[in-house]
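Enquirer: model the following, please.
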Amino acid sequence: MTATDALVGNIIRKLIFGEDYRSEVVALIDAQFLEYAIEFFKRVAEAKMRHQQITLDWYRREMLADNLPKEEIAIHAGLNIKTINNMYNTTRKQVVIEASLEHYETLYDAIRDLTSETDVNIILTIKFNNVAIDLDINESLIVINALAVARAALRGGIWSTAGKQVEKPLMMTLCALHQVPRRYFMLSSPPGHKREVDFHLVDKTGKTYRCEVKLMGKGNPESADAALARDANVFVADKLSDKNKAQLTERGILWVELRGADDLSQFAHILSTLDIPHKPVKSNLKSKLNKVLQKVLEEAASPSTNPFSLLRESAGEYEASEYFVQFEEGS
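Expert: Residues are numbered from 1 along each chain as shown. Just a heads-up that it's a prediction; the model follows:
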């Protein structure tokens, strides 16, 4: 299981039990940043050791070299790709290189002016292969700035990726826990639907209900807007403000707030309202969730998964074999 798979599983586990999932994302950010920082310091040390005459030109030649990926060039210069895209409306590599070099020169001049007016001296020592490499105050501040930009970029990417990768597995988990037969839900929009949503529920007549998932803090103005913009019928969220709930109810959108919930009765109520076959989650939630998550993460990682046909089956009475995950009788 990859780190991302583990993160998705841990987030879903927290959501199902009504807990705050954000600590899982923060822990992954910390772990990945520390790994990045160690590798970055190794590269800095190796780059500086290649130069006999130590001037700041070594950093520009080695860390902003045009043979590096554009994302690395931007971060090493103290920028990120999103900033460059906002400035120039493009992320073409040549533009990234030019913008990074220009920003690096401006940053270096600012640091040089600042350090010439202060009595503070910083020397950053990196010991690599039993060789100690010293960075003076100017070099140290440039490296520290690059690491700060890298963490910000990493943080934004992980938060965005975590949210997107949790949406469908979370809905699959909710349906599997409630023993909703396979043919009553599917992973993406049926052919002909213009607006893509995270998930669809299907009633006994074959009518589909659009489901939107958002993981966000209470009061986020994008929450209800996302459901309204995509014409959702069902909205599942981590937290909702009273205003969000009122907006959704007024528009006839069924909603679930997972944070702080004692059980999964809100989702069961939605299934009953839409006349979708299901069974209440009465007991053994922890053991059931472990079994469901194992299956859900396997399916989500499968490259052969067809998002439309995976869970959509022919109409008619359903049998136990049609469940996504089968539980023991009476559990």
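Enquirer: who touches L215 in this structure?
Expert: Contacts for L215 (CB atoms under 8 Å, 6 or more residues apart in numbering) come out as I11, L15, Y21, A162, G163, V166, E167, A237, D238. All C-beta atoms are positioned from the backbone trio N, CA, C, and that covers glycine.
Enquirer: please report how far the last one lies from L289.
Expert: D238 sits 17 Å away from L289, taking CB to CB, to the nearest Å as the criterion.
Enquirer: quick one: average pLDDT of stretch 65-79?
Expert: Averaged across stretch 65-79, the pLDDT comes to 90.
Enquirer: what of stretch 291-310?
Expert: Stretch 291-310 shows a mean pLDDT of 66 in the predicted model.
Enquirer: quick one: which of D238 and L289 has more around it?
Expert: Legend: neighbour count by other CB atoms under 10 Å for D238 and L289, higher for D238 (26 against 20).
Enquirer: so the more buried one touches W255, yeah?
Expert: No: using CB atoms under 8 Å, D238 makes no contact with W255, being 11.8 Å away.
Enquirer: before we move on, back to that, nearest to L285, of the contacts of L215?
Expert: Distance to L285 across the contacts of L215 (CB to CB) is lowest for L15, with 12.6 Å.
Enquirer: so which elements touch the helix or strand that closest one falls within?
Expert: Here L15, judged by DSSP states H and E, is contained in helix 3-16. Secondary-structure packing of helix 3-16 (3 or more CB pairs under 8 Å, 6 or more residues apart in numbering; DSSP states H and E): helix 22-49, helix 137-177, helix 285-301.
Enquirer: of all those, which lies closest to N89?
Expert: helix 137-177 (19.0 Å).
Enquirer: how far off centre is the closest one?
Expert: The chain centre lies 6 Å from the centre of helix 137-177; the measure is CA atoms, centre = their mean, to the nearest Å.
Enquirer: walk me through the domains of this structure.
Expert: The chain breaks down into these domains under automatic domain parsing: 3-159, 178-322.
Enquirer: end-to-end on the last one?
Expert: Read that as domain 178-322. Terminal residues of domain 178-322 are spaced 13 Å apart (CA to CA, to the nearest Å).
Enquirer: for the stretch 151-300 of the chain, which segments count as helices?
Expert: Assigned by DSSP state H, counting those that start in this stretch, the helices in the stretch 151-300 of the chain fall at 222-229, 242-250, 265-273, 285-301.
Enquirer: out of those, flag the one nearest A6.
Expert: Using CB to CB, the nearest of the helices of the stretch 151-300 of the chain to A6 is helix 285-301, at 8.9 Å.
Enquirer: what is that closest one packed up against?
Expert: Where contact means 3+ CB pairs under 8 Å, 6+ apart, helix 285-301 is packed against helix 3-16, helix 137-177.
Enquirer: same list (those helices) but as JSON lines, adding distance to P280, mean neighbour count and mean pLDDT.
Expert: Formatted as JSON lines, the helices and strands packed on helix 285-301 follow (distance: least, CB to CB, whole Å; neighbours: other CB atoms under 10 Å; pLDDT from 0 to 100):
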{"stretch": "helix 3-16", "distance to P280": "15", "mean neighbour count": "20", "mean pLDDT": "88"}
{"stretch": "helix 137-177", "distance to P280": "10", "mean neighbour count": "19", "mean pLDDT": "90"}
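Enquirer: redo those as CSV? Include distance to T208.
Expert: Putting the helices and strands packed on helix 285-301 into CSV (distance: least, CB to CB, whole Å) gives the following:
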stretch, distance to T208
helix 3-16, 23
helix 137-177, 13
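Enquirer: F33: which of those is closest?
Expert: Closest of the helices and strands packed on helix 285-301 to F33 is helix 137-177, at 5.0 Å (criterion: CB to CB).
Enquirer: could you give the angle of that closest one to helix 3-16?
Expert: Relative orientation of helix 137-177 with respect to helix 3-16: 60 degrees, computed using axes from the mean of the first three to the mean of the last three CA atoms, to 10 degrees.
Enquirer: in stretch 62-69, which residues are buried?
Expert: E62, M63, L64, L68 (16 or more other CB atoms under 10 Å).
Enquirer: and for that stretch, what's in contact with it?
Expert: So stretch 62-69 is contacted by 43-44, 47-48, 50-51, 73, 76-77, 93, 97, 100-101, 104, 146 (CB under 8 Å, 6+ apart).
Enquirer: which of those residues are buried?
Expert: For the contacts of stretch 62-69, buried by 16+ other CB under 10 Å: R43, V44, A47, K48, I73, H76, A77, I97, S100, Y104, A146.
Enquirer: a markdown table for these, including distance to L154?
Expert: Output for the buried ones among the contacts of stretch 62-69, formatted as a markdown table (distance: CB to CB, whole Å):
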| residue | distance to L154 |
| --- | --- |
| R43 | 16 |
| V44 | 18 |
| A47 | 21 |
| K48 | 24 |
| I73 | 16 |
| H76 | 14 |
| A77 | 16 |
| I97 | 22 |
| S100 | 18 |
| Y104 | 20 |
| A146 | 12 |
